[in-house]
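[1] Predicted model, plus sequence, below.
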Amino acid sequence: MSRVTKFAGRDPGPSARVAGFIAHLRDNGLRLGVAEADVAMSALAALNAIHPDDSRRALRAVCTGCKEEAARFDDLFDSYWMDMGRVRQKVVPTLKSPASDDVHSSRDAKGQDAGASGSVTAPDAGDGDADSDGTGKLIATQQRNLNRRDLRDLVRPEEIAAAEEVARRIGAALRDTGSRRRIAARKGDQLHFRKTIRHSLATGGEPLRLVRKKRPDRTRKIVALCDVSGSMSVYAQVFLAFLAGLMRADTAADAYLFHTRLVRITEALRDKDAMRAIGRMSLMADGFGGGSRIGPSLMRFADTYAKRFVDGRSVVMILSDGYDTADPLIIAQALSKLRKRGCKVIWLNPLKGWTDYAPVAAGMAAALPHLDAFKAANTLADLAALEQELAPL
Amino acid sequence: MTWTDLKTTLAGEGYVASDDLAVALHLALSLGRPLLLEGAAGVGKTEVARALAHARDTRLIRLQCYEGLDAAQAIYEWNYQRQLLTIRAAAEHGETGKAVEDRIFSRDFLLERPLLAAISQATPPVLLIDEIDRADEEFEAYLLEILSDFQVSIPELGTITATTRPIVILTSNGTRDLSDALRRRCLYTYVDYPDRATELAILKARSPEVEARLADQIVGFVQKLREEDLEKVPGIAEMLDFAAALMGLSIADLTADPAVLQSTLTTLLKTKSDQAQITPEIAGRIAGRAA
């Protein structure tokens, strides 16, 4: 579905129209910079731009960057250039990009600016529906609805300090087993010929001092997604403390909350004052303790933030009980999409600690084949114990 | 030269390109931009580079990416053994350290790897960076640097600037997402399985000895087979193998003998479950529909 912005009849020339087209694509979520407009112009100049099909192919080669974009391109092209001869009468202001970035940042699903501007809590973020359905109707818990509750009541500073230590240890345990490259080292598995020969010049060509090289360890980046729906509110205390600790222990880590929507809380949790950080988070986590839409939240994550923040060195940690009100198939799709980015996916389920627990919840069952690890965690001590189990990943 | 000329030239080399691909290639040549080809395995991404190099009568320099590929294997490496021997020999002749150093860190002792080789050719070669999605992200970043500046810095020698700009073609099977920076720098084309007419043209170009009726059956069969729910969908190379197998067994009609048809399916179905799924009955039915 594309927003129709036809080029203006009074546009001064082809370059303005091409610029307008690039802006049109940008409005529709394609990531294009200024340079692309330039390339698009030279591409059109390089072939006979009178033929619409040639121009379409040329612009597709320049403006798209992946299969999905290439598939959408035809519609976008048609809606801009091929509106049955009708043209818009007013000149499209082409200098609108900074303004439109601000305006669209919270609703533009591409995650371009949404994270940075931190305005994702806009009530119409996502699909445009006010997501106020399903408050606490998920499972019959005895907990009262914590909607609008200040999370500072849940988390105490000393817990954050303890969680910080746990997060630091888990981060250390999740070291990558070594980079692919090698660096010079005193002890290593291979000879560093380059250095050895350099040094041998000093001793008349005799390689007296052998320099070795090894694979240095690389840290993994932890991306934590915490479910704060109604069914999880019993465990929220532990997990929120853990998230806060994680953010303070690891500067590369990334954290999100989700219930019916997904909120990035990394910026808020980086606040120097731990309690103020929790306070800021509770402002963002509007709808805390409500229903849960795990699949759509994960899908949104995979489609937006993951493209920027998740790579082959990331460990995505999902803290959730797997009770989903949406179609469990979406969870499986979202996770397999996420896995394609090369990351490890760990699911920490508080219910798994129960005796006789079986992952029968449809969402959990759908997720299982896509997980690198499925562990129990409902107290901070459990999380600390994970250190040993996560090390082999 | 227009893109239709390019398409004709490639067809002369036995490569039948789709219009989209021909336009993208034409733009890559005229704008001097790298071209990123993405698509499933076996749709002819690598082959297009080969055909292009052949058509333009230049060298094809290929860099096969794999996990752990690093600068020493992709750009350059010093010939350490030779350097060691030279140092030894120099010591016997009483050469001084400075002279030896200058000598062993000269171009003679440099082993060119594909990327360095590609920028130091007399005529612009075709540089094929194959399966870029298998390389690490760090390598992608390094590649970006070379693709934008076309120069390589070697601490001992200084900067080597490109004598000619290679025609760069990158291929990806889409096993992981490439970085946006790389995508932005490249022109992009998604290469899909060819349609029936294109595939028939490919078969005609590659195996002209196959009779028209059989060729029609083969292509129809493979096209229908791709619609089945297979683990590994047969590509163009598999289709050509299949045709060669049928020719070798001198079969003139696919529907004639189900047993022989089943035995030639080994050229198309490459996993156990796929072979189990396409039973002789199913194969016969597909062949019947395709005919």
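    Happy to help now that I have it. Keep in mind the model is a prediction, meaning the values are calculated, not measured. Numbers count the residues shown, from 1 in each chain, chains lettered A, B, ... in the order given.
[2] got a pLDDT number for residue B:84?
    We have a pLDDT of 82 for residue B:84.
[3] Then residue A:102?
    42.
[4] so what are the domain limits for the chain?
    Reading this off chain A. Following automatic domain parsing, chain A resolves into domains at A:14-104, A:151-173+A:219-390, A:183-214.
[5] wrong one, chain B
    Domain ranges of chain B: B:3-75+B:113-190, B:196-290, per automatic domain parsing.
[6] hmm, the last one in reach of chain A?
    This means domain B:196-290. No. Shown here: domain B:196-290 not in contact with chain A (Cβ under 8 Å from any Cβ of the partner chain), separated by at least 15.2 Å. C-beta coordinates here come from the backbone N, C-alpha and C atoms, glycine included.
[7] May I see the domains of chain B arranged in TSV, with mean neighbour count, mean pLDDT and distance to residue A:372 as well?
    Formatted as TSV, the domains of chain B follow (neighbours: other Cβ atoms under 10 Å in any protein chain shown; pLDDT from 0 to 100; distance: least, Cβ to Cβ, whole Å):
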stretch	mean neighbour count	mean pLDDT	distance to residue A:372
domain B:3-75+B:113-190	19	88	16
domain B:196-290	16	87	22
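[8] Nearest approach to residue A:357 belongs to which of these?
    Nearest to residue A:357, of all those, is domain B:196-290, at 32.4 Å by Cβ to Cβ.
[9] Any idea how far that closest one is from the middle of the chain?
    Centroid separation for domain B:196-290 versus its chain: 24 Å, with Cα atoms, centre = their mean, to the nearest Å.
[10] And it, end to end?
    11 Å (Cα to Cα, to the nearest Å).
[11] that older thread, could I get the domains of chain B in a markdown table, plus columns for distance to residue A:245?
    Converted to a markdown table, the domains of chain B look like this (distance: least, Cβ to Cβ, whole Å):
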| stretch | distance to residue A:245 |
| --- | --- |
| domain B:3-75+B:113-190 | 28 |
| domain B:196-290 | 44 |
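[12] Could you say which of the domains of chain A is packed most deeply?
    Ranked by mean neighbour count, these are led by domain A:151-173+A:219-390 with a mean of 20 (mean count of other Cβ atoms under 10 Å in any protein chain shown).
[13] Tell me who's in contact with the most centrally placed residue in chain B.
    The residue lying closest to the centre of chain B (Cα atoms, centre = their mean) is residue B:46, at 1.9 Å. Counting by Cβ atoms under 8 Å, 6 or more residues apart in numbering or on different chains, residue B:46 touches B:128, B:130, B:171.
[14] cool, and residue A:375?
    For residue A:375, the contact set (Cβ under 8 Å, 6+ apart) comprises A:346-349, A:352, A:386, A:389.
[15] all strands for chain A, in order.
    Counting by DSSP state E, chain A has strands at residues A:183-185, A:190-191, A:212-214, A:221-227, A:254-258, A:262-264, A:314-319, A:344-349, A:373-376.
[16] Using CSV, please lay out those strands together with distance to residue B:179 and mean pLDDT.
    Formatted as CSV, the strands of chain A follow (distance: least, Cβ to Cβ, whole Å; pLDDT from 0 to 100):
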stretch, distance to residue B:179, mean pLDDT
strand A:183-185, 23, 80
strand A:190-191, 29, 86
strand A:212-214, 27, 87
strand A:221-227, 15, 88
strand A:254-258, 17, 88
strand A:262-264, 21, 85
strand A:314-319, 14, 89
strand A:344-349, 19, 89
strand A:373-376, 27, 85
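[17] State the distance from the residue lying closest to residue A:324 once chain neighbours are set aside to residue A:322.
    The spatially closest residue to residue A:324, leaving aside those adjacent along the chain, is residue A:363, at 3.5 Å (Cβ to Cβ, 6 or more residues apart in numbering or on different chains). In this view, residue A:363 and residue A:322 are 5 Å apart by Cβ to Cβ, to the nearest Å.
[18] Now do the shared contacts for these two.
    Residues touching both residue A:363 and residue A:322 (Cβ under 8 Å, 6+ apart) are residue A:294.
[19] Just give the nearest non-adjacent residue to the residue of the stretch 251-393 of chain A found nearest chain B, would you?
    Residue nearest to chain B within the stretch 251-393 of chain A: residue A:342 (4.9 Å; Cβ to the nearest Cβ). Nearest residue to residue A:342 in three dimensions, chain neighbours excluded: residue A:312, at 3.4 Å (Cβ to Cβ, 6+ apart).
[20] ok, back up a step: looking at it, the residue nearest to residue A:324 is touching residue A:329, isn't it?
    No. Residue A:363 is beyond contact range of residue A:329, at 9.6 Å (criterion: Cβ atoms under 8 Å).
[21] so is residue B:221 in a helix, a strand, or just coil?
    helix (DSSP: H, G, I helix; E, B strand; the rest coil).
[22] Any figure for the gap between it and residue A:271?
    Remark: distance between residue B:221 and residue A:271 (Cβ to Cβ) = 64 Å.
[23] do whichever strand or helix holds residue B:171 and chain A meet?
    Taking DSSP states H and E as the definition, one finds residue B:171 inside strand B:167-172. No. Strand B:167-172 stays clear of chain A (Cβ under 8 Å from any Cβ), getting no nearer than 9.7 Å.
[24] send the alpha carbons of that strand over as PDB?
    Extracted in PDB, the C-alpha atoms of strand B:167-172 (Å, rounded to 0.1, in the frame of the first residue of the first chain):
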ATOM      1  CA  ILE B 167      33.700  -4.100 -13.200                       C
ATOM      2  CA  VAL B 168      32.500  -5.400  -9.800                       C
ATOM      3  CA  ILE B 169      29.800  -8.000  -9.500                       C
ATOM      4  CA  LEU B 170      28.700  -9.200  -6.100                       C
ATOM      5  CA  THR B 171      26.500 -12.200  -5.600                       C
ATOM      6  CA  SER B 172      24.600 -13.200  -2.500                       C
END
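[25] tell me the phi and psi of the residue in chain B sticking out farthest from the centre?
    What lies farthest from the middle of chain B is residue B:94; by Cα atoms, centre = their mean that is 50.1 Å. When read as degrees, to the nearest 10, the backbone of residue B:94 gives phi 70, psi 30.
[26] Tell me the pLDDT of it.
    We have a pLDDT of 79 for residue B:94.
[27] So which residues make contact with stretch B:97-112?
    In contact with stretch B:97-112 (Cβ under 8 Å, 6+ apart) are residues A:197, A:201, A:205, B:76-79, B:82-83, B:86-87, B:90, B:116, B:120, B:154, B:156-157.
[28] rerun at 7 Å
    A:201, B:76-79, B:82-83, B:86-87, B:90, B:156-157 (Cβ atoms under 7 Å, 6 or more residues apart in numbering or on different chains).
[29] Dump that stretch to PDB, keeping only the CA atoms.
    C-alpha atoms of stretch B:97-112 as PDB (Å, rounded to 0.1, in the frame of the first residue of the first chain):
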ATOM      1  CA  GLY B  97      70.000  -4.200   6.400                       C
ATOM      2  CA  LYS B  98      68.500  -1.200   4.600                       C
ATOM      3  CA  ALA B  99      69.200  -2.600   1.100                       C
ATOM      4  CA  VAL B 100      67.800  -5.900   2.100                       C
ATOM      5  CA  GLU B 101      64.700  -4.400   3.600                       C
ATOM      6  CA  ASP B 102      64.000  -2.300   0.500                       C
ATOM      7  CA  ARG B 103      64.400  -5.400  -1.600                       C
ATOM      8  CA  ILE B 104      62.200  -7.800   0.300                       C
ATOM      9  CA  PHE B 105      59.400  -5.300   0.700                       C
ATOM     10  CA  SER B 106      59.100  -4.700  -3.000                       C
ATOM     11  CA  ARG B 107      56.300  -5.700  -5.400                       C
ATOM     12  CA  ASP B 108      58.400  -8.800  -6.300                       C
ATOM     13  CA  PHE B 109      57.700 -10.200  -2.900                       C
ATOM     14  CA  LEU B 110      54.100  -9.300  -2.800                       C
ATOM     15  CA  LEU B 111      51.500 -12.100  -3.400                       C
ATOM     16  CA  GLU B 112      48.500 -10.500  -5.100                       C
END
